[in-house]
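1. What follows is a protein structure lacking sequence information:
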C-alpha cells in the first residue's frame, strides 16, 4: 500500500466559494486551492487532510467530516493531530458526506466515495 493521498485545507475569502450566498462569514474552506472543491475518493483507501494556513486570528474554525451539508452537527470525523486528519474509508462511511465546520454553516464542500475492490 502506498502513501495516503493528501488534501491541503486552507481558509480563503468566502466570496470565491460556490455556496457563498449561504455563508455569513468572510472565510470558507478550500481544498488544494479550490474553494468548496468536491473531493472524490475511493473506499478502502487512506487519506490525509493537512491544515497549515489558518490565519492566527481565525482559530475559531473547526474542520470536520459530517453527513450534514450545513455543518455544525456531531459529525463523523476522526481527530486532528499535528495539523493532520488521517482517515481510512471503510464500508461504514457513506457514499456522500461533507467536509464542514463546527462553528460556521456551509463553508465546506462535498466528498463522494467510489467503491473499489480491496
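-> Right, received. Where do you want to start? Quick caveat: nothing in here was measured; it's all calculated off a predicted structure.

2. tally of neighbours for the residue nearest to residue 89 when sequence neighbours are not counted?
-> Closest residue to residue 89 apart from its sequence neighbours, by CB to CB, 6 or more residues apart in numbering: residue 43 at 5.1 Å. C-betas here are computed from N, CA, C, even on glycine. With neighbours defined by other CB atoms under 10 Å, the count for residue 43 comes to 16.

3. Residue 105 too?
-> 17.

4. Quick one, grab the pLDDT at it.
-> Note on residue 105: pLDDT of 93.

5. sorry, back to before: give me every residue that touches the residue nearest to residue 89.
-> Counting by CB atoms under 8 Å, 6 or more residues apart in numbering, residue 43 makes contact with 89, 90, 91, 93, 113, 114, 115, 116.

6. Any chance of a ChimeraX selection covering the buried ones in these?
-> ChimeraX command restricting the contacts of residue 43 to the buried ones, with burial defined by 16 or more other CB atoms under 10 Å:
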select :89,93,113
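
7. Give me the subset of the contacts of residue 43 lying in strands.
-> Per DSSP state E, strands hold the following members of the contacts of residue 43: 113, 114.

8. for residue 76, helix, strand, or coil?
-> Following DSSP: H, G, I helix; E, B strand; the rest coil, we place residue 76 in the coil state.

9. now for the lengthiest strand in the chain, which elements pack on it?
-> In the chain, taking DSSP E as the definition, the longest strand is strand 5-13. In terms of contacts (3 or more CB pairs under 8 Å, 6 or more residues apart in numbering; DSSP states H and E), strand 5-13 is packed against strand 27-31, strand 46-51.

10. want to throw these into CSV with mean pLDDT, mean neighbour count and distance to residue 37?
-> Output for the helices and strands packed on strand 5-13, formatted as CSV (pLDDT from 0 to 100; neighbours: other CB atoms under 10 Å; distance: least, CB to CB, whole Å):
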stretch, mean pLDDT, mean neighbour count, distance to residue 37
strand 27-31, 95, 22, 4
strand 46-51, 95, 17, 12
